Structure formats: C-alpha cells, structure tokens
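Participant: test case, fold it:
(4 chains)
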Number of protein chains: 2
Amino acid sequence: MEAYKSILENIARYVSLSLAEKEKLVAIIRTTKIKKRQFIDQPGYVCNYRNYVVQGAFRSYYIDGDGKEHTVQIAIEDWFVSDFYSYITQTPATLYVEALEDSTIFQMTYQDIEGLCKEVHALSEYFRTSTERAFAFSRKRALSNLSLTAEEKYLELLQRYPNIVRRVPQKVIASYLGMTPEFMSKIRKKLATTS
Amino acid sequence: MEAYKSILENIARYVSLSLAEKEKLVAIIRTTKIKKRQFIDQPGYVCNYRNYVVQGAFRSYYIDGDGKEHTVQIAIEDWFVSDFYSYITQTPATLYVEALEDSTIFQMTYQDIEGLCKEVHALSEYFRTSTERAFAFSRKRALSNLSLTAEEKYLELLQRYPNIVRRVPQKVIASYLGMTPEFMSKIRKKLATTS
DNA sequence: CGCGACGTTGATTTGCCTCAACGATTGTGG
DNA sequence: CCACAATCGTTGAGGCAAATCAACGTCGCG
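Facilitator: Numbering: from 1, shown residues only, chains lettered A, B, ... in the order given. The predicted structure is shown next:
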C-alpha cells in the first residue's frame, strides 16, 4: 500500500476510501517504468490506460497535416496523462504521448476503471469531481490565453509553472504555447535585456 | 414527469434511473423562463446553477482588459451552459451568460447536485461520464482548431452546426471563432463568389 | 419614422511565421 | 573518454494572415 501513497493522497483530497476500497483500487493498478523518448500512446492505437505520473515527465502532442507538432499537455508528478479523447471513446488515438525523462507511471485500464466506478460509489465521486475540476481549469486556461500576446503567455506559464519551464526543452514549451521556438527565443532575449 | 422529458432522455443515454431516483432529481429542478438579452451569470456573482437549455439559445463570453468580447460557448437545446469554473469552484464568475432568444431552462443548484450525487450512485455516474465526454470532445475541438485557418474554422462550424450559424448573429459566431466580424465578412464574401 | 446596432468593404498596419545561417549542447560510437 | 554528428537555441531578413481603423448601406426595433 505504501507504494501507492501518491495516488491515494491525491484521491483523499476529494473523497475518503475505506481500506477495502483502497485494496480494490490498487488491485487494478499496474506500475510501469518508461524510458525517455518512449511512447505510451501513438496515433492508430486505442489508448487503453489512464496513466498517473508517479515520477518523471511526459508530453502529449499531435502532428498536423503540415507536419507541425502541437503540444497539448505537459505532465509531471501527480498528473494524469493520455490521449483522453481516445481513452474515453475507445477509438484510435490521434496524439502521441511521450516520456520527456525516464519515468514511472501507474496504469489503469478503461474497463477496470469503469467496472470499479460502477461498484464503488466513492471512486465514481472521485473521478466525477476531479474531472469536473480539470475541465473547469482547462476552460479557464484556454480563456486567459485568448486575450494574451505570445509574450504574456510565456510570462504566465513561467510564473505558474516555473519548474515545468525549467525541466522541459524550450521547443516543447514553445509548441505548448502555440508559437515557434524562434519567436520564443526572441521573447526571452527581450525579457533578459529589459529586466 | 412529462415536463422533464428532455433532460431525462439525455440522462438515459448514460445511465438508467429508478422511478424513485427520477423523482429525487426532478425535485431539485427549477424551471425558469429567460428573456432575450437577459443574463443568467455575470462577473462578480457566484454561478450557483447548472443550467440545462430546454428551449432557446445562450452564449457565454468574457470581456478582456482591452474591452474585447470573447465568446466561449454557444448553447442551444439540450446543452448545459454556465460559467463552469465559477460553478465548480464556487467563486465569483468572470463570464457573462446571456440569452440570445427568449428561452426556458432547468436550473439545479451546486449544493443540490452535490448532495444528490453523494446519495444516488447512478447520478454520480451520469455526471462523471457526461463530463468526461464533454471534456474529451472539448479537447478534441481545441486541437483541430490549432492548425486551421480562419476560413477553415468557419467552414467546419458551418458544417457541424449549421443550425447554430443560422440562428445566431454573425458577430457572435466571429467572436466564438476568434476572429473579427470584419474578417469573417470577407471570408463569407469570398466563399459566396467562389462557389 | 428615426436611431442605433449590424454587416460590408477598402486601406493600412502588425504580430508572428518562415527560411536560412550559425554557435552551443547533447549524445553516441569507436 | 574523446570526436564528431545531431539536435537545440539564437539571430536576422523578409513575408503573410488577420487586426485595426474608417466609412457606408441596411435592417429591426422602440
């Protein structure tokens, strides 16, 4: 049980599980080690797992018709990461999910989670409320980005997630913020000389 | 019970409720009529309701620091609409939610829904699965927009929701698509003369 | 009927992209 | 453990999609 401390603490912020319920949950968790640059989801393959990051960092991205990469999510410890659309609809993925570092994740299959949510009311509540929050925050973020310039987006990310900006390559950050690495480099130069 | 047909059918696509559960649900529903141009959420006020559109049309939008409007969501029959971030966090709204037509909605308070989800497992499952789907589709949509030009975004919306495009003022559509009304007008002209 | 909001059209501007060239890092095979 | 290749980040010149600004017809509503 000790090995599952991080995810159990995360859940405890939303609901409380009995010991029996915790045991049912950890029974469906598979712990996997992923090497840097390895993919856990790829276009064409159905995303079968909800992946919880125990240690390490990931990004999800897709490649558009012009061959350009768009980073959708950057995930570090205690985040879930997957091609969520593929997972929910159980259809082939359109995203790559790639390890940015050597990592450890917890994996739970769609079928196991659905089964457990039908059986354990508290777990249904955990996924309901945590997804509602994730959705609300995602909308909020999309919103604030609408009216920001590229420079303001960079500054906001830097302020909110300084550890992420430090940890991942700049081209990934740029792609996440929806700008080219060249342009972000110019922003960084301007900020460095101004301040 | 007949009056609640639309929302009960919507729920039935996800879970089945016993008669007793349906009665508990409709007991917390308040039916409200909203006049065109009336607001159901406003910045500064906590969004207390999940609003289900029975008849009519709404949009949610926010006004940025430069005074520009950004339409976040357009909702017609059988959609939920609110400042979801405000609703989930129970903090003051940043969005306006405005009726685009004379409308009828079902309103359920945050407290009532939370209480009922803790009591009725099937309702917890309904909100869990429907929110997961909404989240997944929202991400998918944001994704496809990343690599589209303004013209492609307009065409995609026109194809997917022709009834919305017909029903709603063009400046609202333009604001939803993230472009100026002037530029959308030019796109429309070009499309009309080309085809 | 008149006024204000809406949609259109044209001229000009701009934020960010593209392309290209070049140092700095990182990683890898000998 | 070093050498060389590959990738990453930086810098500059030029270009383009969409914004801004402004002017004008038109339609719906009070």
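Participant: doesn't A:I40 make contact with A:A93?
Facilitator: No: if you go by Cβ atoms under 8 Å, A:A93 and A:I40 don't touch, sitting 10.2 Å apart. C-beta coordinates here come from the backbone N, C-alpha and C atoms, glycine included.
Participant: quick one, phi/psi of the closest residue in space to A:M179 that isn't next to it in sequence?
Facilitator: In space, and not counting its chain neighbours, A:M179 is closest to A:A150: 4.8 Å by Cβ to Cβ, 6 or more residues apart in numbering or on different chains. Dihedral pair for A:A150: phi -60, psi -40, per degrees, to the nearest 10.
Participant: residues touching A:A150, list them.
Facilitator: Counting by Cβ atoms under 8 Å, 6 or more residues apart in numbering or on different chains, A:A150 touches A:L177, A:G178, A:M179, A:F183, A:M184, A:I187.
Participant: on contacts alone, who are the packing partners of the helix ranked longest in chain A?
Facilitator: In chain A, ranked by residue count with DSSP state H as the criterion, the top helix is helix A:121-146. Packing contacts for helix A:121-146, counted by 3 or more Cβ pairs under 8 Å, 6 or more residues apart in numbering or on different chains; DSSP states H and E, involve helix A:19-27, helix A:110-119, strand B:69-75, helix B:84-89, helix B:110-119, helix B:121-146.
Participant: most tightly surrounded among those?
Facilitator: Mean neighbour count (mean count of other Cβ atoms under 10 Å in any protein chain shown) peaks for helix B:84-89 among the helices and strands packed on helix A:121-146, with a mean of 22.
Participant: and after that one, which helix or strand comes next?
Facilitator: Of the helices and strands lying after helix B:84-89 in sequence (DSSP states H and E), the nearest is strand B:96-99.
Participant: and the contacts of that following strand?
Facilitator: B:34-43, B:47, B:51, B:56-63, B:81-83.
Participant: then stretch A:35-46?
Facilitator: With Cβ under 8 Å, 6+ apart as the criterion, stretch A:35-46 contacts A:34, A:47, A:49, A:51, A:58, A:60, A:62, A:81-83, A:86, A:90-103, A:105.
Participant: now do 6 Å
Facilitator: With contact meaning Cβ atoms under 6 Å, 6 or more residues apart in numbering or on different chains, stretch A:35-46 is reached by A:C47, A:D83, A:Q90, A:P92, A:A93, A:T94, A:Y96, A:V97, A:E98, A:A99, A:E101, A:D102.
Participant: filter these down to the buried ones.
Facilitator: Among the contacts of stretch A:35-46, those classed as buried by 16 or more other Cβ atoms under 10 Å in any protein chain shown are A:C47, A:D83, A:A93, A:T94, A:Y96, A:V97, A:E98, A:A99.
Participant: I'd say A:A174 and A:S185 touch.
Facilitator: No: the pair A:A174 / A:S185 is not scored as a contact, 8.2 Å apart, by Cβ atoms under 6 Å.
Participant: and these two? which has more neighbours close in?
Facilitator: Neighbour tally, A:A174 and A:S185, criterion other Cβ atoms under 10 Å in any protein chain shown: the higher count belongs to A:A174, 20 against 13.
Participant: the more buried one should be in a helix, yeah?
Facilitator: Yes: counting by DSSP: H, G, I helix; E, B strand; the rest coil, one finds A:A174 located in a helix.
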